[in-house]
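Q: here is a sequence with its predicted model. Questions after.
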Amino acid sequence: MRKRLATLFTPALSLATVACMGAAPNILLICVDDLRPELGCYGVDYIQTPRIDELASSSRLFRRHYVQAPTCGASRYALLTGNYGPYDNDAILKRAEQLRQAPDSLTPSMPAWFRSNGYTTVAVGKVSHYPGGLAGDDWADPEKPELPYGWDRSLMPVGSWQHPRGAMHGLANGEIRENASEMDVYQSFDGDDRSYPDGLITDAALEEMRRLAREEKPFLLAVGLIRPHLPFGAPTAYMEPYRELELPPVPHPEKPQPPSTWHGSGEFMKYNRWGKDPRKDPDFAQETRRHYAACVTYADAQVGRILDQLELLGLEEDTIVALWGDHGWHLGEHEVWGKHTLFEESLRAPLIISVPNLQQPGAATDAIVETIDLYPTLCELSGLPSPPGLDGASLASQLADPEAPGSYAISYGKKAATIRSATHRLTIHEDGAVELYDHDTPEAETRNRAAESPSLVSQLRKLLEEELD
């Protein structure tokens, strides 16, 4: 459709940056779980993210990047395949089973494609749905990889958390989630970065980067950080800036009128909350938001360690860096504490791409782009053809010129799908209900205008159906 055709019209100027690099560039992909675009470089002054901000200052920041699905597995499916796909956390694993039965039946995954084109491919941490890329008991069965033929190495250091499942929802010093109601929803522990799993993930990533630097082949190194995923635990040092900070009010905190994709925040509510509910307790809501902010600053520090290693090894001039958030997260907007809606807060996520010799570094773009666009972008920037069958379009135009237009973004949930244009969001429910929101008005996604604009509903519905056909 339009997205696929768009790849045919990418300006040659975009490849000039890569041509200056000579050999095939390395790729460093940093994936951050549940990260809202609530960062300094996105215009937020109450969150401390100096290292991501520094990266953005020499990169192209995408202000309006949207994920395909507000849940980890389905969003990462889109990232790693360049395709729209199913909505569930086992999306990548189901694809793996199909590949085992018919190895040539699907377009290669991103790591498989780069590997087949001479790259060493390594994943550390949570890159696909399961940290380490394995399913099965405790997410550690080597017979059940999520991305067959993809990674040369896929690692998940677990330390005192025993296994990847334990690390995924771990709190300080090896505390594992067995019954969520017995695990605190947030925590601040007076320890170093390695007292939480992301410190170990970063250590392993640094070691892998050292190993890759000694090789002659280009590499694709993907590093997946877990924080700020629930539970919101981080070392005390990262909580200090927020201890007494009064955060600004949450915009449009009211529960929306139906139809909508509102939900009761079940993932958040199952944790131990000391009998408190952020929907009814403003002080508890503030404290929860502070701990989320601490987790973001902790993740930012890990990003800094990774980027420092890149520079220390002299690889920064030969490496494309992409920082990607797998979806957003509500902190009280629409009376939701979590993801899984088709509102802006769940679907808009950070995307920052750094390319050596980038023109206008630090300039942001307002083009509407999607997660599926990253795969063909990295192919083009690396001088590789994209494999046939990708749904995404290269973002080389926006990298060459931040004023270059975008297109639209498609996302989907269990029983609804949505399309985001430059000005509107249309959501179509399985039962036929329709939501239309005008982002050029102060009400944004609080006033359903479907009945007022039937022609626009029809136009956007047609685009949505064509893309998901």
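A: Done, it's in. Numbers count the residues shown, from 1 in each chain.
Q: low-confidence stretches in the stretch 301-450 of the chain?
A: The model of the stretch 301-450 of the chain has no residue with pLDDT under 70.
Q: show me where it has helices.
A: 344-347, 374-381, 396-400 (DSSP state H, counting those that start in this stretch).
Q: dump the ones you listed to JSON lines, plus distance to Thr319 and mean neighbour count.
A: All C-beta atoms are positioned from the backbone trio N, CA, C, and that covers glycine. Shown next, in JSON lines, are the helices of the stretch 301-450 of the chain (distance: least, Cβ to Cβ, whole Å; neighbours: other Cβ atoms under 10 Å):
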{"stretch": "helix 344-347", "distance to Thr319": "29", "mean neighbour count": "25"}
{"stretch": "helix 374-381", "distance to Thr319": "11", "mean neighbour count": "25"}
{"stretch": "helix 396-400", "distance to Thr319": "15", "mean neighbour count": "24"}
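Q: which one of the ones you listed lies closest to Asp203?
A: Among these, the nearest to Asp203 by Cβ to Cβ is helix 374-381 (25.4 Å).
Q: distance between the closest one and the chain's centre?
A: Computed by Cα atoms, centre = their mean, to the nearest Å, the chain-centroid distance of helix 374-381 equals 16 Å.
Q: one more: stretch 303-319?
A: Mean-position distance between stretch 303-319 and its chain equals 21 Å (Cα atoms, centre = their mean).
Q: buried set for it?
A: 303-304, 306-307, 309-310, 313, 315-316, 318-319 (16 or more other Cβ atoms under 10 Å).
Q: again, but for stretch 214-234
A: Those buried within stretch 214-234 under the rule 16+ other Cβ under 10 Å are 218-234.
Q: which of these fall in helices?
A: Of those, none are assigned to helices by DSSP state H.
Q: poorly predicted segments of the stretch 51-200 of the chain, please.
A: In the stretch 51-200 of the chain (pLDDT under 70), no residue qualifies.
Q: tell me the domain boundaries of this structure?
A: Annotated domains of the chain cover 2-408, 415-469 [automatic domain parsing].
Q: which one of the ones you listed is the most hemmed in?
A: Of all the domains of the chain, domain 2-408 carries the top mean neighbour count, a mean of 20, counting by mean count of other Cβ atoms under 10 Å.
Q: tell me how far that one lies from the chain's centre.
A: Using Cα atoms, centre = their mean, the offset of domain 2-408 from its chain centre is 3 Å.
Q: format the helices of the stretch 301-450 of the chain as CSV; extra columns: distance to Lys462.
A: CSV is the format used below for these (distance: least, Cβ to Cβ, whole Å):
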stretch, distance to Lys462
helix 344-347, 21
helix 374-381, 24
helix 396-400, 24
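Q: out of these, flag the one nearest Pro145.
A: Of the helices of the stretch 301-450 of the chain, nearest to Pro145 by Cβ to Cβ is helix 374-381, at 19.0 Å.
Q: who are the packing partners of the closest one?
A: Packing partners of helix 374-381 (3 or more Cβ pairs under 8 Å, 6 or more residues apart in numbering; DSSP states H and E): helix 72-81, helix 110-116, strand 319-325, helix 396-400.
Q: make TSV out of these and add distance to Ala417.
A: Formatted as TSV, these follow (distance: least, Cβ to Cβ, whole Å):
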stretch	distance to Ala417
helix 72-81	12
helix 110-116	24
strand 319-325	21
helix 396-400	25
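Q: all strands of the stretch 301-450 of the chain, in order?
A: Taking DSSP state E, counting those that start in this stretch, the strands of the stretch 301-450 of the chain run over residues 319-325, 330-331, 337-338, 351-354, 364-370, 409-412, 416-420, 424-429, 434-438.
Q: how about the ones you listed, which one is nearest Ser397?
A: In terms of Cβ to Cβ, the element of the strands of the stretch 301-450 of the chain nearest to Ser397 is strand 364-370, at 8.1 Å.
Q: residues making contact with the closest one?
A: Here strand 364-370 makes contact (Cβ atoms under 8 Å, 6 or more residues apart in numbering) with 3, 56, 60-68, 78, 351, 392, 395, 398, 402-410, 420-422.
Q: neighbouring strands for it, and are they parallel or not?
A: strand 60-66 (parallel) (DSSP bridges).
Q: kindly export the partner strand (C-alpha atoms) in PDB.
A: Listed next in PDB are the C-alpha coordinates belonging to strand 60-66 (Å, rounded to 0.1, in the frame of the first residue of the first chain):
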ATOM      1  CA  ARG A  60      17.300  13.100  14.500                       C
ATOM      2  CA  LEU A  61      14.500  13.000  17.100                       C
ATOM      3  CA  PHE A  62      11.200  11.800  15.900                       C
ATOM      4  CA  ARG A  63       8.500  13.700  17.900                       C
ATOM      5  CA  ARG A  64       5.600  11.700  16.500                       C
ATOM      6  CA  HIS A  65       6.700   8.100  16.400                       C
ATOM      7  CA  TYR A  66       3.900   5.500  17.000                       C
END
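Q: so it versus helix 374-381, what angle?
A: 150 degrees (axes from the mean of the first three to the mean of the last three Cα atoms, to 10 degrees).
Q: ok, residues contacting strand 60-66?
A: Strand 60-66 is contacted from outside by 37, 41-42, 347-355, 358, 361-371, 395, 398-399, 402, 406, 409, 411, 420, using Cβ under 8 Å, 6+ apart.
Q: then stretch 175-186?
A: Contacting residues not belonging to stretch 175-186 are listed as 161-162, 165-166, 169-171, 230-233, 268, 270-273, 287-288, 291-292 [Cβ under 8 Å, 6+ apart].
Q: redo that, cut-off 6 Å
A: Identification of contacts with stretch 175-186 by Cβ atoms under 6 Å, 6 or more residues apart in numbering yields 161, 166, 169-170, 231-232, 270-273, 291.
Q: ok, the residue of the chain positioned farthest from its centre to Ala444 distance?
A: Distance from the C-alpha centroid of the chain peaks at Glu452, with 34.0 Å (Cα atoms, centre = their mean). From Glu452 across to Ala444, the span is 15 Å (Cβ to Cβ, to the nearest Å).
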